[in-house]
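A.B. asks: Predicted model and sequence follow; I will ask about them next.
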Amino acid sequence: MGIQRVSSKWTKTAVLQRSRNVNGYIPVTRQYNRQTLERMTELFESNYIKPDRGTYGNGVMRVKTIRIDPHPIIDASTSENAVDPLSPSAAEVGAENSAEVPLTTYELRYGTEEKHFHSLDELDLALTERIQERDYIIQQGIPLMKHDGLPFDLRVLTQKNLQRNWETTGILGRVAAPGKIITNIHGGGRLATFNELVRPHFDQDLFQQLRSELYRLGIHTAVQLQQSFPRLKEIGIDIALDEDGRPWIIEVNTLPGIYAFGLLPDKETYRKIKRYARAYGRLPSKKGKTSRTSPKVEASSPKSRTHR
């Protein structure tokens, strides 16, 4: 039986929400429609709208809700002595203000493009034109921790080990390219080590606690998903650290990239990742490589056989 892959973000999210160990790490996530767009933009300043099936950050959009008070507060020290005989009475002002609500603008970002809309209907129309008939989800936006002024997230890799138990084998970081809303390497992001990105924000004890928490979270996530998808062998969890250092699960990938770990300085971790991947069939075994090439070597060296 092959390694199981699950492409639907919503399906994986629904499974993870049933776990007491994992649910608290998941931002509010809903299937996208006009009603959930309205509700989510009321609840959260920032929301991400993503294809239910898709990779490399393709099709991801961000909506920011910007509310402007139509009557900004005026410094009383500069106006208390100024009386305008034409100004309305306090009762008139109160009646007018009670009928008004903050002005709302919606900022839509995708790639490096940015558009603004002054009503939810305009925003929904623009999103519908981009989404068309495809399934999308909408997710609470997490304000990402930053490195040198650029947002970053983390990828936690968890695999079946040689004893067929789940083990978190590595964590790497990805820094967004300037002006981008995603951190994916395919979108111009930069690879970095966990230590480089996270250590400056924490003292040594908190840094180690967070590292241990993420390693446990990788295992809890894999165990929960395996209950519904028994042939899983590996997962990659995209983790956001918010501005307070709290980790959030943004997405779980069941076909995680592993070669990026080979670009980091810790080669021993990469060797372990590949060793486990060979054991459960993601990568061809070394023995398999040898058996395929050895007949060619023997066939090209007939004289060597006569001398043995």
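C.D. replies: Structure's in. What do you need? Numbering: from 1, shown residues only.
A.B. asks: Helices of the stretch 201-308 of the chain, residue ranges please.
C.D. replies: Listed in chain order, the helices of the stretch 201-308 of the chain (DSSP state H, counting those that start in this stretch) span 204-228, 267-279, 286-299, 302-306.
A.B. asks: mean pLDDT lowest for which of those helices?
C.D. replies: With a mean of 38, helix 302-306 has the lowest mean pLDDT of the helices of the stretch 201-308 of the chain.
A.B. asks: where does the protein have low pLDDT?
C.D. replies: 70-102, 180-188, 287-308 (pLDDT under 70).
A.B. asks: Which residues outside stretch 33-50 are in contact with it?
C.D. replies: 9, 28, 30, 32, 59-65, 106, 120, 123-124, 127, 131, 136-141, 143, 181, 251 (CB atoms under 8 Å, 6 or more residues apart in numbering). C-beta coordinates here come from the backbone N, C-alpha and C atoms, glycine included.
A.B. asks: nope, stretch 130-140 is what I meant
C.D. replies: Under CB under 8 Å, 6+ apart, the answer for stretch 130-140 is 8-10, 13, 27-32, 36-37, 40, 43-44, 46-53, 59, 61, 110, 250.
A.B. asks: picking that back up, just the buried ones among the contacts of stretch 33-50, please.
C.D. replies: 9, 30, 32, 59-65, 106, 120, 123-124, 127, 131, 136-141, 181, 251 (16 or more other CB atoms under 10 Å).
A.B. asks: Next step: these restricted to helices.
C.D. replies: 9, 120, 123, 124, 127, 131 (DSSP state H).
A.B. asks: so which of those residues would you say is closest to residue 272?
C.D. replies: Nearest to residue 272, judged by CB to CB, of these is residue 9 at 28.3 Å.
A.B. asks: those strands in the stretch 1-150 of the chain, which residues are they?
C.D. replies: Ranges of strands in the stretch 1-150 of the chain, per DSSP state E, counting those that start in this stretch, are 29-31, 46-51, 61-68, 103-110, 113-117, 136-140, 146-147, 150-160.
A.B. asks: so after the longest one, what's the next helix or strand?
C.D. replies: Moving toward the C-terminus from strand 150-160, the next helix or strand (DSSP states H and E) is strand 166-175.
A.B. asks: Who does that next one pair with, and is each partner parallel or antiparallel?
C.D. replies: strand 150-160 (antiparallel), strand 190-193 (antiparallel) (DSSP bridges).
A.B. asks: Put the alpha carbons of the first one into CSV.
C.D. replies: Same thing as strand 150-160. Output of strand 150-160 as CSV, limited to C-alpha atoms (Å, rounded to 0.1, in the frame of the first residue of the first chain):
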residue,chain,number,x,y,z
LEU,A,150,10.1,40.6,7.4
PRO,A,151,7.5,38.1,8.6
PHE,A,152,8.5,34.4,9.0
ASP,A,153,6.9,31.1,9.7
LEU,A,154,8.2,27.6,10.5
ARG,A,155,7.9,24.1,8.9
VAL,A,156,7.8,21.2,11.4
LEU,A,157,8.6,17.8,9.8
THR,A,158,7.2,14.7,11.5
GLN,A,159,7.9,11.2,10.1
LYS,A,160,7.5,7.5,10.9
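A.B. asks: what's the angle between it and helix 267-279?
C.D. replies: Strand 150-160 and helix 267-279 are oriented at 50 degrees to each other (axes from the mean of the first three to the mean of the last three CA atoms, to 10 degrees).
A.B. asks: I figured residue 8 was touching residue 53, is that so?
C.D. replies: Yes. If you go by CB atoms under 8 Å, residue 8 and residue 53 touch, sitting 6.0 Å apart.
A.B. asks: Comparing these two, which residue is more hemmed in?
C.D. replies: residue 53 (15 against 12; other CB atoms under 10 Å).
A.B. asks: The more buried one against residue 10, yeah?
C.D. replies: No. Counting by CB under 8 Å, residue 53 sits too far from residue 10 to count as a contact (9.3 Å).
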